[in-house]
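Asks: Only the shape, not the letters, is given here:
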């Protein structure tokens with residue numbers, strides 16, 4: 001799934017395309033969806049008819065093939081909504097405990113969610129509180145469901161739940177990279193200190209900027225530690241093909257090719273966005289054969305009655321095909337500063353007109369995590385953070401490379417659960433002890 005950082009690669013379009021072409025793209029997309037509604041309704045009705053056990057055709061190969069074809073058609077033409085978290089319980093100290101999700105902070109473009117573990121008795125020793133900053137890069141925060149699930153047994157977990165830009169009215173104002181940094185700072189202040197922050201991929205840059213700003217302002221609510229995972233801190237190091245795309249095209253190309261306006265009847269009508277359907281086009285087009293094979297296999301599994309494999313397909317694509325719009329100003333500013341100008345590693349990034357200085361960070365422990373086979377954020381790009389944070393003592397910094405995983409293995413999967421999470425947890429505990437020792441001095 002080639003992307004720019006975590007952003008979907010834009011579809012290939014003629015170089016001479018103009019805003020006159022990109023502006024109505026969203027309207028055409030909505031029109032296409034609306035025109036398919038009758039066909040989808042008929043297809044769904046046919047599927048139900050040929051799956052009804054009272055229908056003798058449902059027991060024949062022809063009937064099963066018709067039902068399978070109807071489901072594949074419906075799934076490939078529907079609009080996928082925001083997935084549910086589906087995290088109802090977890091295990092704490094060998095006991096299953098239910099989970100309730102609470103909204104503890106909210107602004108127009110984000111909510112801060114808290115996964116409260118309903119413990120019968122208080123824990124003897126409080127567990128670390130962790131704020132997971134999810135990517136604002138096309139997919140919803142639920143993409144990190146596995147990340148949250150892995151931390152829940154041993155941590156109090158909070159996560160950023162970014163809002164689909166097409167759902168935010170223009171009257172709510174803009175949202176750019178400076179606003180992103182402000183949001184992170186406000187969330188850390190709301191949590192009141194004694195918290196660890198984990199940035200997954202794209203937010204590594206704004207999280208590092210936010211902590212730098214807080215340290216420069218001597219903010220008492222800086223996190224105890226900062227863990228950056230597979231983030232594009234310095235894409236000049238071991239650049240990947242997707243990193244080079246931004247440098248090749250330039251910011252004007254992105255502005256003219258992928259920015260459009262939200263149409264009626266969405267709440268964000270007339271907001272400039274990088275729409276989710278274009279991001280999805282980029283996600284899929286680069287691995288089109290794989291996705292076509294997956295849907296062919298779904299058809300075969302449905303005909304053969306292999307429900308388990310069909311369910312796995314549905315589960316994956318229900319998440320993968322659910323995408324959100326990004327504000328144009330955030331997307332363009334991020335591509336320009338992070339992937340074209342490399343402003344942060346060059347010492348040129350600013351926040352609200354003031355220079356962002358990672359060298360000011362002294363009280364926050366630093367851990368960076370990379371995947372050996374990461375083809376999105378190449379090896380060394382996240383490790384570059386250590387070069388920038390010169391004031392953090394050596395004993396309070398860690399760099400870890402996970403062998404045998406790619407970009408998504410850095411924050412999900414069996415090796416993430418068994419090898420990365422325990423290291424991050426140990427790092428958080430040691431950094432908290434270090435912070436207390438420093439305060440005592």
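Replies: Good, I have the coordinates. The structure presented is a predicted model; accordingly, all values stated were derived computationally and were not measured.

Asks: Tell me where the stretch 251-400 of the chain has strands.
Replies: Remark: strands assigned in the stretch 251-400 of the chain by DSSP state E, counting those that start in this stretch are 260-261, 272-274, 326-327, 350-351, 354-355, 365-371, 397-402.

Asks: Check the stretch 51-200 of the chain too.
Replies: 89-92, 95-107, 110-117, 129-133, 156-162, 196-200.

Asks: Dump the strands of the stretch 251-400 of the chain into TSV; add mean neighbour count as well.
Replies: Any C-beta I mention is one placed from the backbone N, CA and C, and that applies to glycine too. Below are the strands of the stretch 251-400 of the chain laid out as TSV (neighbours: other Cβ atoms under 10 Å):
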stretch	mean neighbour count
strand 260-261	22
strand 272-274	24
strand 326-327	26
strand 350-351	16
strand 354-355	12
strand 365-371	25
strand 397-402	18
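
Asks: Could you point out which of the ones you listed sits nearest residue 304?
Replies: strand 365-371 (35.3 Å; Cβ to Cβ).

Asks: Kindly spell out which helices and strands sit in contact with the closest one.
Replies: strand 225-229, helix 384-388, strand 397-402, helix 421-440 (3 or more Cβ pairs under 8 Å, 6 or more residues apart in numbering; DSSP states H and E).

Asks: Relative to residue 222, how far out is the residue positioned nearest the centre of the chain?
Replies: Among the residues of the chain, the one closest to the centroid is residue 135, at 3.2 Å (Cα atoms, centre = their mean). In this view, residue 135 and residue 222 are 22 Å apart by Cβ to Cβ, to the nearest Å.

Asks: go on, residue 172?
Replies: Distance from residue 172 to residue 222, counting by Cβ to Cβ: 28 Å.

Asks: The two: who's more crowded?
Replies: residue 222 (26 against 16; other Cβ atoms under 10 Å).

Asks: so the more buried one touches residue 360, yeah?
Replies: No - using Cβ atoms under 8 Å, residue 222 makes no contact with residue 360, being 10.4 Å away.

Asks: Mind listing the shared neighbours of those two?
Replies: residue 215 (Cβ atoms under 8 Å, 6 or more residues apart in numbering).

Asks: so what's residue 434 scoring on pLDDT?
Replies: Model confidence at residue 434, given as pLDDT, is 63.

Asks: same thing with residue 368?
Replies: On pLDDT, residue 368 comes in at 97.

Asks: That one pairs with what?
Replies: Note on residue 368: beta-bridge partners residue 228, residue 399, judged by DSSP bridges.

Asks: So the residue nearest to the centre of the chain sits against residue 203, correct?
Replies: Yes - using Cβ under 8 Å, residue 135 is in contact with residue 203, at 6.0 Å.
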